[in-house]
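*Asks:* pasting the structure only:
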């Protein structure tokens with residue numbers, strides 16, 4: 001007998017999003033969070049700012065959360081036409097700032113210019129909804145409200161002390177024993193769940209220490225708004241315009257003695273003096289954090305009834321802003337699968353596809369950040385020559401567009417059976433003849449069968465899976481009267497396409513693979 005289907009450990013963005021996905025799939029979910037207060041000072045303003053890539057924007061859109069996120073964003077890119085002059089930098093207004101920046105990203109600190117991007121590249125078409133930067137605290141608030149509204153229970157101030165696993169479930173000791181069929185660690189890079197579960201976590205130790213803080217500085221001649229580099233390290237002063245304090249960010253090429261010790265005003269002042277070569281005085285610290293480029297990935301994301309997602313499964317340098325997005329992708333991939341298994345609707349081997357699909361993307365992100373660390377390491381004197389070559393490459397339309405597509409994740413897809421070019425990719429934002437968009441039918445987290453063929457056998461097969469699948473019979477406007485059918489998994493990825501009536505016979509096998517056996521017999 002279990003108290004819950006799934007216990008999620010960690011109430012950060014990944015844990016909250018996963019919990020909501022599990023509830024949409026019908027699982028009874030408990031989230032345990034060690035911190036008492038959901039508002040954490042280190043996440044004030046741009047200190048906890050997170051960039052959102054294309055897969056994350058698509059996931060938020062599928063669940064009807066994108067509008068709320070855009071309203072809370074510190075900035076959003078996507079409302080202006082390519083080639084428009086960028087509006088001025090954000091003002092002191094508390095209103096969300098909608099603007100197109102001069103630069104759209106960087107690689108190893110080398111900027112990617114907006115006017116170098118080939119916006120007519122077909123792979124950028126799916127990114128038309130734009131991406132943005134949102135304070136992590138604001139994102140957590142939105143996701144917590146979403147999860148609680150679905151019936152997720154969240155207990156704060158309850159650290160996990162230990163757990164045991166048996167054939168039928170997991171007993172978690174967190175103040176008191178709590179029983180669940182499954183447990184997922186979304187508890188960050190120091191994951192208790194991962195350590196107690198015996199997951200191997202190979203990788204690389206850190207080379208540098210980064211510090212970010214909101215501080216009050218005495219008058220100084222420090223330049224504002226651009227990265228400056230010296231033999232001692234790098235720094236930037238400045239941030240989003242609605243902050244009342246200065247944002248400082250330093251990087252020094254020494255590994256931290258204690259990654260998680262309190263960041264003091266003295267430490268910040270000494271770091272800023274070293275990297276700037278100036279006499280700087282920090283008068284007060286409002287929020288501060290320390291990070292490193294530790295790079296590790298769990299060898300598997302599942303050991304029996306225990307799974308990992310987000311930083312519990314992989315850590316890396318924050319260069320390029322990939323961390324949050326990688327974790328949200330984990331949650332989107334895992335939630336519907338684990339809910340189906342926990343409810344007995346699908347066999348356990350469905351969970352094998354979680355590591356198979358997500359581990360390669362995590363490995364790519366680690367390689368991407370390792371390359372940037374290598375390119376900025378001052379211990380290698382040849383790096384300046386390499387950076388010059390890379391800067392020249394990023395100043396070309398082809399080079400800038402290629403790197404931008406990598407950063408925003410348009411390339412991310414899964415290796416699924418089938419030969420149609422859509423299979424494995426996220427479903428396009430198709431406008432339908434009934435006035436809806438295909439993503440409008442994904443709010444409840446179910447799979448979708450878009451039937452633009454009108455073949456009775458299609459509907460008969462879909463009906464056997466009852467409420468596990470949403471049947472949409474409208475036409476796709478841009479395809480006119482074209483005859484086709486598309487099966488979309490609950491995470492928005494296409495798993496089957498039919499373009500002629502003879503293809504329909506394969507649908508039942510595909511639905512069985514992803515949704516489990518049909519509860520209603522054929523015929």
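*Replies:* Noted; the coordinates are in hand. A quick note: this is a predicted structure, and the numbers were derived from the prediction, not measured. Numbers count the residues shown, from 1 in each chain.

*Asks:* Let me see the ranges of the strands in the stretch 151-300 of the chain.
*Replies:* Counting by DSSP state E, counting those that start in this stretch, the stretch 151-300 of the chain has strands at residues 153-156, 162-165, 170-174, 176-185, 203-204, 209-217, 228-230, 233-237, 246-252, 282-292, 295-297.

*Asks:* hmm, who's touching the first one?
*Replies:* With C-beta atoms under 8 Å, 6 or more residues apart in numbering as the contact definition, strand 153-156 has outside contacts at 4, 11, 19, 29-33, 35-38, 144, 147-148, 174. Yep, even glycine has a C-beta here, placed from its N, CA and C like the rest.

*Asks:* again with the last one
*Replies:* Judged by C-beta under 8 Å, 6+ apart, the contacts made with strand 295-297 from elsewhere in the structure are 201-204, 313-317, 359, 362-363, 366, 369-370, 373.

*Asks:* any idea which of those residues is the one closest to residue 158?
*Replies:* Nearest to residue 158 among these is residue 313, at 21.8 Å by C-beta to C-beta.

*Asks:* so the closest one sits right up against residue 333, yeah?
*Replies:* No. Here residue 313 does not reach residue 333: they are 11.5 Å apart, not a contact under C-beta atoms under 8 Å.

*Asks:* Need the residues touching each of the two.
*Replies:* Common contact partners of residue 313 and residue 333 (C-beta under 8 Å, 6+ apart): residue 358.

*Asks:* ok, those two, which is more surrounded?
*Replies:* Using other C-beta atoms under 10 Å, the more surrounded residue of residue 313 and residue 333 is residue 313, with 30 against 27.

*Asks:* Contact partners for the nearest residue to residue 469 once chain neighbours are set aside?
*Replies:* The spatial neighbour of residue 469 that comes closest, neighbours along the chain excluded (C-beta to C-beta, 6 or more residues apart in numbering), is residue 447 at 4.7 Å. Residue 447 sits next to 468-470, 487-490, 511, 514-515 when contact means C-beta under 8 Å, 6+ apart.

*Asks:* Residue 19 too?
*Replies:* So residue 19 contacts 6, 8, 29, 31, 147, 152, 154 (C-beta under 8 Å, 6+ apart).

*Asks:* Now tabulate these in CSV and tack on pLDDT.
*Replies:* Formatted as CSV, the contacts of residue 19 follow (pLDDT from 0 to 100):
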residue, pLDDT
6, 98
8, 98
29, 98
31, 98
147, 98
152, 98
154, 98
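
*Asks:* Just those: which are in helices?
*Replies:* Among the contacts of residue 19, the members found in helices (DSSP state H) are residue 147.

*Asks:* Highest neighbour count among the contacts of residue 19?
*Replies:* Ranked by neighbour count (other C-beta under 10 Å), those have residue 8 at the top, with 35 neighbours.

*Asks:* For it, list the residues it contacts.
*Replies:* Residues near residue 8 by C-beta under 8 Å, 6+ apart: 15, 18-19, 22, 29-32, 183-184, 186.

*Asks:* Return the set of residues that bridge with residue 449.
*Replies:* residue 471, residue 487 (DSSP bridges).

*Asks:* Is there a neighbour count for it? I'd like the number.
*Replies:* Residue 449: 23 surrounding residues under other C-beta under 10 Å.

*Asks:* what does residue 226 give?
*Replies:* With neighbours defined by other C-beta under 10 Å, the count for residue 226 comes to 9.

*Asks:* which residues sit in contact with the residue lying closest to it once chain neighbours are set aside?
*Replies:* Setting aside the residues directly before and after it, residue 226 is nearest to residue 236 in space (C-beta to C-beta, 6+ apart), at 6.6 Å. Contact analysis of residue 236 by C-beta under 8 Å, 6+ apart lists 225-228, 248-249.

*Asks:* swap in residue 514?
*Replies:* Contacts of residue 514 (C-beta under 8 Å, 6+ apart): 346, 350, 447, 487, 489, 495.

*Asks:* Check what pLDDT the third one gets.
*Replies:* It refers to residue 447. At residue 447, the model reports a pLDDT of 98.

*Asks:* got it, and the second one?
*Replies:* The per-residue pLDDT reported for residue 350 equals 98.

*Asks:* That one should be in a helix, yeah?
*Replies:* Yes. Using DSSP: H, G, I helix; E, B strand; the rest coil, the assignment for residue 350 is a helix.

*Asks:* Would you check that residue 308 makes contact with residue 192?
*Replies:* No. Checked against C-beta under 8 Å, the pair residue 308 and residue 192 is beyond contact range at 11.3 Å.

*Asks:* out of the two, which sits in the more crowded spot?
*Replies:* Between residue 308 and residue 192, residue 308 has the larger neighbour count (other C-beta under 10 Å), namely 30 against 19.

*Asks:* Can you check which residues contact both of residue 308 and residue 192?
*Replies:* Counting by C-beta under 8 Å, 6+ apart, the contacts common to residue 308 and residue 192 are residue 185.

*Asks:* Give me the domain ranges for the chain.
*Replies:* Listed by automatic domain parsing, the domain ranges of the chain are 12-202+296-325+348-408, 208-292, 438-515.

*Asks:* can you redo those as JSON lines with distance to residue 422?
*Replies:* Putting the domains of the chain into JSON lines (distance: least, C-beta to C-beta, whole Å) gives the following:
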{"stretch": "domain 12-202+296-325+348-408", "distance to residue 422": "12"}
{"stretch": "domain 208-292", "distance to residue 422": "38"}
{"stretch": "domain 438-515", "distance to residue 422": "5"}
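
*Asks:* of the ones you listed, which approaches residue 521 most closely?
*Replies:* Across the domains of the chain, residue 521 has its closest neighbour in domain 438-515 (7.3 Å, C-beta to C-beta).

*Asks:* The closest one: how far from the chain's middle?
*Replies:* Its chain's C-alpha centre and that of domain 438-515 lie 27 Å apart, by C-alpha atoms, centre = their mean, to the nearest Å.

*Asks:* Which pLDDT does the model give residue 328?
*Replies:* With respect to pLDDT, residue 328 scores 97.

*Asks:* OK, contacts around it?
*Replies:* Contacts of residue 328 (C-beta under 8 Å, 6+ apart): 13-14, 17, 55-56, 59.

*Asks:* Secondary structure element holding it?
*Replies:* helix 323-342 (DSSP states H and E).

*Asks:* between the contacts of strand 153-156, which is closest to residue 443?
*Replies:* Of all those, residue 443 sits closest to residue 147, with 14.5 Å by C-beta to C-beta.

*Asks:* Residue 179 versus that closest one, what's the distance?
*Replies:* Distance check for residue 147 against residue 179: by C-beta to C-beta, to the nearest Å, it reads 21 Å.

*Asks:* now residue 457
*Replies:* In terms of C-beta to C-beta, residue 457 sits 44 Å off from residue 179.

*Asks:* now do residue 12
*Replies:* In this view, residue 12 and residue 179 are 24 Å apart by C-beta to C-beta.

*Asks:* Neighbour count for these two, which is higher?
*Replies:* Taking residue 12 and residue 179 together and counting by other C-beta under 10 Å, residue 12 has the greater number of neighbours (23 against 14).

*Asks:* Contact partners for that one?
*Replies:* Contacts of residue 12 by C-beta under 8 Å, 6+ apart are 136, 140, 186, 188, 310, 327.

*Asks:* Restricted to helices, list those.
*Replies:* Among the contacts of residue 12, the subset assigned to helices under DSSP H consists of 136, 140, 327.

*Asks:* who's in contact with the residue nearest to residue 348 when sequence neighbours are not counted?
*Replies:* Spatial nearest neighbour of residue 348, excluding adjacent residues (C-beta to C-beta, 6+ apart): residue 341 at 5.7 Å. Residue 341 makes contact with 182, 347-348, 350-351, according to C-beta under 8 Å, 6+ apart.

*Asks:* now do residue 164
*Replies:* Residue 164 sits next to 170-171 when contact means C-beta under 8 Å, 6+ apart.

*Asks:* Pull up the gap between the residue lying closest to residue 64 once chain neighbours are set aside and residue 494, please.
*Replies:* Once flanking residues are discounted, residue 64 sits nearest to residue 443: 4.7 Å by C-beta to C-beta, 6+ apart. In this view, residue 443 and residue 494 are 18 Å apart by C-beta to C-beta.
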